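Asker: Structure of the sequence below:
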Amino acid sequence: MTNLIRYSTQLYSELEAETGLATGWMQCGSVTVARTEDRMTMLLRTAAAARAQGVEVDVLSPQEAGDKWPVMQTDDLKGGLWMSGDGKANPTDLTQSLAKGARQGGAQVIEGVKVTNILTREGRVTGVVTDKGTIEAEIVVNCAGQWARNIGLRCGVNVPLHSAEHMYIVTETMQGVTSDLPVLRDPDGYIYFKEETGGLVMGGFEPEAKPWGMDGIPDKFEFSLLPDDWDQFEILLENALIRVPELETAGVRKFYNGPESFTPDNNYLLGETPELKNFFVGAGFNSMGIASAGGAGRALAEWIVEGEATSDLFAVDIRRFADFNNNPTWLHDRVKETLGLHYAMPWPNRELDTARPFRRSPLYDRLAAKNAVFGSKMGWERANWFAPDGTTPETVYSFGRQNWHDAVAAEHAAVRDGVAIFDQTSFGKLLVQGKDACAQLNRICAGNVDVEIGQTVYTGLLNSRGGFESDLTVLRLKAQEFLLITGSAQACRDGDWISRNFSEDAHVFLTDVTSSWSVLAVMGPKARDVLSKVTKADLSNDGFAFGTCQKIDLGYATVIANRMTYVGELGWELLVPVEFAAGVYDDLMGAGAEFSIRDAGYYALDGLRIEKGFRAWSRELTPDITPLQAGLSFAVDFDKPDGFIGKEALLAARSDPEHMHRRIIQLVLKDLDVQLWGGEAVLCDNTEIGEVRSAGYGHTLGAAVALCDVHTDEKITRDFLTMHSFEIDVAGKRFAAKAYLQTPYDPKAARVRM
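Answerer: Sure thing, here's the model as predicted:
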């Protein structure tokens with residue numbers, strides 16, 4: 001997202017020269033201040049990450065922050081950040097300048113038109129019906145702001161948005177406020193300031209927002225405002241008076257209350273919709289609109305032209321949501337919290353609290369009774385960790401070790417030394433069937449899925465650039481029936497990617513069966529011992545080899561057992577029909593009692609997989625990273641008949657001497673007490689070369705472990721890692737690390753084949 005904002009800044013600075021119309025753009029810089037030590041730690045982390053991305057940023061003392069923004073009082077501050085490249089623009093002037101530039105490029109802008117319907121045929125958009133006539137179109141882009149959800153509903157497309165009131169004031173002229181005054185953000189007070197005609201604009205993002213438009217958005221509301229609400233605004237005004245005491249005597253020229261639309265996670269929506277081909281969305285920008293619009297517009301245009309996103313846009317991809325996220329009651333309750341996320345403390349592993357629980361596994365009540373502390377992903381309530389008896393099952397956030405560290409260490413040890421069970425019901429599951437299923441999947445997957453029935457294949461789904469659109473596991477159940485297991489957040493996106501790449505005349509069908517199956521993962525050296533007590537199946541290496549799946553009896557249930565692991569130990573993932581899940585869980589816990597079986601959560605799972613060096617999509621694996629760079633060449637079959645999507649790009653990359661200047665590497669800190677969270681800057685010989693993409697504490701290795709995306713001026717090899725020194729910047733402090741291309745924990749993967 002940083003690159004999109006950077007492009008916006010560049011575009012706005014050059015737009016007046018191109019169009020002849022002023023944009024009001026001024027590169028005045030910005031100051032962000034911290035009232036607390038935790039906020040200052042966050043700013044220091046932000047500074048390190050920004051530098052790694054080439055963004056100029058300076059850490060300020062309270063006095064230096066006051067020098068940059070002399071209108072504020074600084075007695076309560078811990079420090080701040082200065083970003084010289086930030087600026088501000090006049091929204092009206094900027095819009096007019098962009099519109100003129102579009103006209104110069106051949107676009108036609110028609111104002112005052114009401115869209116009454118979206119035309120479709122055979123799953124594609126064909127045009128729009130307006131109150132002034134019908135327009136046929138091969139491509140339609142829904143940028144209707146807070147009306148975008150309603151427009152989507154007219155053609156069966158889900159655009160999960162809900163409006164909330166957003167308020168700010170504009171003061172009369174104030175002493176000391178100059179036209180070049182930087183933008184000021186005070187997130188601990190939920191407020192921001194910027195100069196306007198000699199006075200201040202002061203607004204903010206209160207922790208509990210006020211939803212609006214529950215009965216629909218009026219058609220003619222685009223230039224209208226809502227009534228003043230000083231009670232709702234009070235928390236912002238109180239904090240503004242702390243920061244700028246002179247506001248108490250300043251006149252208020254205008255109180256503005258205009259609704260904006262917000263998404264369930266506060267990131268905007270971009271891209272082609274999964275429900276309707278050639279129908280694109282760009283909506284939900286709210287207060288990020290100006291900063292993001294230029295880059296988002298370019299990204300959307302490139303997506304339309306190229307037929308796929310040209311960079312990693314998952315954070316804003318509309319396919320990160322599903323139809324159930326468009327429920328209006330759920331959106332109403334969630335938006336109360338998401339508006340405030342603009343300035344809420346971005347704690348590591350921070351979970352949203354509103355509109356929960358949403359989706360629940362059949363084991364939810366059982367796990368809750370065992371002190372499970374739940375997080376949420378794709379709406380699923382998932383056990384993050386289990387609080388010991390006699391303690392409060394609640395996560396206490398911090399930038400250091402959080403209160404679950406020791407509990408997760410015990411879960412981690414159980415998996416490495418004994419046996420544990422994970423409820424992974426939230427996994428996405430896609431069933432692909434039809435007489436052309438094998439041929440179609442084999443062209444879409446980089447690995448060869450044309451294997452014997454009962455075999456399991458780990459593979460990437462690649463784009464035309466050779467980058468990862470996803471990674472998943474393919475179980476061949478029958479000659480033309482495949483079950484795909486993917487990440488919790490990926491079912492909608494993966495299903496869309498695969499379906500769009502089916503040949504139009506192919507006899508093949510994809511069905512999302514996520515809600516039909518629970519997944520219980522039994523992992524650890526004693527996993528075979530536990531399972532053998534509840535099944536008659538032969539679980540020996542000869543009877544059930546690694547990388548295979550079978551239907552087996554398990555107590556009264558019949559399940560699909562998949563011998564695969566995401567933690568680097570002996571284990572089976574059990575796909576259980578949801579109606580049998582509770583019984584299977586009870587049987588496993590009963591059979592495992594003599595082996596000290598225990599529950600384990602997603603914090604342990606993530607730490608185990610990072611320690612083992614296993615990659616995760618949207619972390620290490622992105623549309624911009626290839627299997628060669630990720631160390632996953634083993635999962636690509638260059639020789640299979642008919643090739644695969646992305647093959648030509650990968651072949652070119654193999655012969656490109658610079659391609660392996662970028663790689664995913666593993667770093668293990670030498671200081672055993674430091675906590676990593678992800679997003680930290682990585683340095684090689686004192687120079688920033690990348691960032692931590694995933695991090696966790698490797699309890700077996702006894703130190704924090706990171707999987708990092710790094711880019712250097714030479715080929716990254718084992719010799720390169722040995723010859724250079726590596727550090728990770730943790731909130732301004734650097735810590736030495738040892739670098740690996742292959743994990744030091746069981747590098748030959750002997751334990752998974754025990």
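Asker: May I ask you to confirm that residue 515 is in contact with residue 578?
Answerer: Yes: under the criterion of CB atoms under 8 Å, residue 515 makes contact with residue 578 at 7.2 Å. Using the backbone N, CA and C atoms, a C-beta is placed for each residue, glycine as well.
Asker: for the stretch 201-350 of the chain, what spans make up the strands?
Answerer: For the stretch 201-350 of the chain, the strands defined by DSSP state E, counting those that start in this stretch cover 211-212, 252-262, 269-272, 279-283.
Asker: can you tell me which of those strands comes nearest to residue 14?
Answerer: For residue 14, the closest of the strands of the stretch 201-350 of the chain is strand 279-283, at 21.5 Å, according to CB to CB.
Asker: Now do the same for residue 13: its pLDDT.
Answerer: On pLDDT, residue 13 comes in at 89.
Asker: same thing with residue 53?
Answerer: In this model, residue 53 carries a pLDDT of 83.
Asker: What about residue 85, how many residues nearby?
Answerer: Per other CB atoms under 10 Å, the neighbour tally for residue 85 reads 16.
Asker: where does this protein have low pLDDT?
Answerer: Within the chain, no stretch has pLDDT under 70.
Asker: still on that earlier bit, can you say which of the strands of the stretch 201-350 of the chain is nearest to residue 115?
Answerer: Nearest of the strands of the stretch 201-350 of the chain to residue 115, taken as CB to CB: strand 279-283 at 12.6 Å.
Asker: any idea how far the closest one is from the chain center?
Answerer: Relative to its chain's centre, strand 279-283 lies at 19 Å (CA atoms, centre = their mean, to the nearest Å).
Asker: Check stretch 182-195 too.
Answerer: For stretch 182-195, the gap between its own C-alpha mean and the chain's C-alpha mean amounts to 26 Å (CA atoms, centre = their mean).
Asker: Quick one: end-to-end distance for that stretch.
Answerer: In stretch 182-195, first residue to last residue: 8 Å (CA to CA, to the nearest Å).
Asker: which residue sits closest to the most centrally placed residue in the chain, ignoring its sequence neighbours?
Answerer: Geometric centre of the chain, nearest residue: residue 315, 4.5 Å, by CA atoms, centre = their mean. Excluding its sequence neighbours, the residue lying closest to residue 315 (CB to CB, 6 or more residues apart in numbering) is residue 267, at 5.4 Å.
Asker: Likewise for residue 214?
Answerer: Spatial nearest neighbour of residue 214, chain neighbours left out: residue 332 (6.2 Å); criterion: CB to CB, 6+ apart.
Asker: residues near that neighbour, how many?
Answerer: For residue 332, the neighbour count with other CB under 10 Å is 18.
Asker: Out of the strands of the stretch 201-350 of the chain, which is closest to residue 500?
Answerer: Among the strands of the stretch 201-350 of the chain, the nearest to residue 500 by CB to CB is strand 269-272 (8.5 Å).
Asker: one step back: residue contacts, the residue nearest to residue 214?
Answerer: 162, 211, 214 (CB atoms under 8 Å, 6 or more residues apart in numbering).
Asker: which residues sit in contact with residue 732?
Answerer: With contact taken as CB under 8 Å, 6+ apart, residue 732 is in contact with 44, 47, 48, 59.
Asker: Repeat the analysis, applying 10 Å as the threshold.
Answerer: Applying CB atoms under 10 Å, 6 or more residues apart in numbering to residue 732 gives the contacts 40, 41, 43, 44, 45, 47, 48, 59.
Asker: Could you work out the most separated pair of these?
Answerer: Greatest spatial distance in the contacts of residue 732: 40 and 48, 13.0 Å, computed using CB to CB.
Asker: Run a quick check on the residue nearest to the centre of the chain versus residue 618, I expect a contact.
Answerer: Yes: the pair residue 315 / residue 618 is scored as a contact, 8.4 Å apart, by CB atoms under 10 Å.
Asker: Quick one: the strands in the stretch 501-650 of the chain, in order.
Answerer: For the stretch 501-650 of the chain, applying DSSP E, counting those that start in this stretch gives strands covering 509-512, 517-523, 549-554, 557-562, 571-577, 598-599.
Asker: Tabulate the ones you listed in a markdown table, adding columns for distance to residue 359 and mean neighbour count.
Answerer: A markdown table is the format used below for these (distance: least, CB to CB, whole Å; neighbours: other CB atoms under 10 Å):
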| stretch | distance to residue 359 | mean neighbour count |
| --- | --- | --- |
| strand 509-512 | 13 | 16 |
| strand 517-523 | 12 | 23 |
| strand 549-554 | 24 | 18 |
| strand 557-562 | 21 | 20 |
| strand 571-577 | 17 | 24 |
| strand 598-599 | 19 | 20 |
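Asker: Would you reformat those strands as JSON lines and include distance to residue 448?
Answerer: Converted to JSON lines, the strands of the stretch 501-650 of the chain look like this (distance: least, CB to CB, whole Å):
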{"stretch": "strand 509-512", "distance to residue 448": "20"}
{"stretch": "strand 517-523", "distance to residue 448": "24"}
{"stretch": "strand 549-554", "distance to residue 448": "16"}
{"stretch": "strand 557-562", "distance to residue 448": "18"}
{"stretch": "strand 571-577", "distance to residue 448": "21"}
{"stretch": "strand 598-599", "distance to residue 448": "36"}
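Asker: just to revisit the earlier point, what residues are shared contacts of residue 40 and residue 48?
Answerer: Shared contacts of residue 40 and residue 48, defined by CB under 10 Å, 6+ apart, are found at 59, 731, 732.
Asker: can you count the residues close to residue 27?
Answerer: Neighbourhood size, residue 27 [other CB under 10 Å]: 14.
Asker: Return the residues in contact with it.
Answerer: Residues in contact with residue 27 (CB under 10 Å, 6+ apart) are 9, 12, 13, 84, 85, 86, 87, 88, 180, 182.
Asker: same question, residue 31
Answerer: The neighbours of residue 31, taking CB under 10 Å, 6+ apart as the test, are 60, 64-69, 72, 80-83, 86, 181-186, 193.
Asker: redo that, cut-off 6 Å
Answerer: Counting by CB atoms under 6 Å, 6 or more residues apart in numbering, residue 31 touches 65, 68, 69, 80, 82, 182, 184.
Asker: contacting residues for the residue located most distally from the centre of the chain?
Answerer: Distance from the centre of the chain peaks at residue 249, with 44.0 Å (CA atoms, centre = their mean). Residues in contact with residue 249 (CB under 6 Å, 6+ apart): none are found.
Asker: mind redoing it with 10 Å?
Answerer: residue 174.
Asker: Excluding chain neighbours, give the residue nearest to residue 59 in space.
Answerer: Of all residues not flanking residue 59 in the chain, residue 47 sits nearest, at 5.5 Å (CB to CB, 6+ apart).
Asker: helix or strand right after the helix or strand containing the one you found?
Answerer: Taking DSSP states H and E as the criterion, residue 47 maps to helix 37-52. Counting by DSSP H and E, the element after helix 37-52 in chain order, helix or strand, is strand 58-60.
Asker: can you list contacts of the following helix or strand past that next one?
Answerer: Downstream of strand 58-60, the first helix or strand assigned by DSSP H and E is helix 62-68. Contact with helix 62-68 is made by 29-34, 58-61, 72-82, 181-182, 184, as judged by CB under 10 Å, 6+ apart.
Asker: wait, what's in contact with the residue nearest to residue 59?
Answerer: By CB under 10 Å, 6+ apart, the neighbours of residue 47 are 32, 55, 57-60, 81-83, 681, 729, 731-732.
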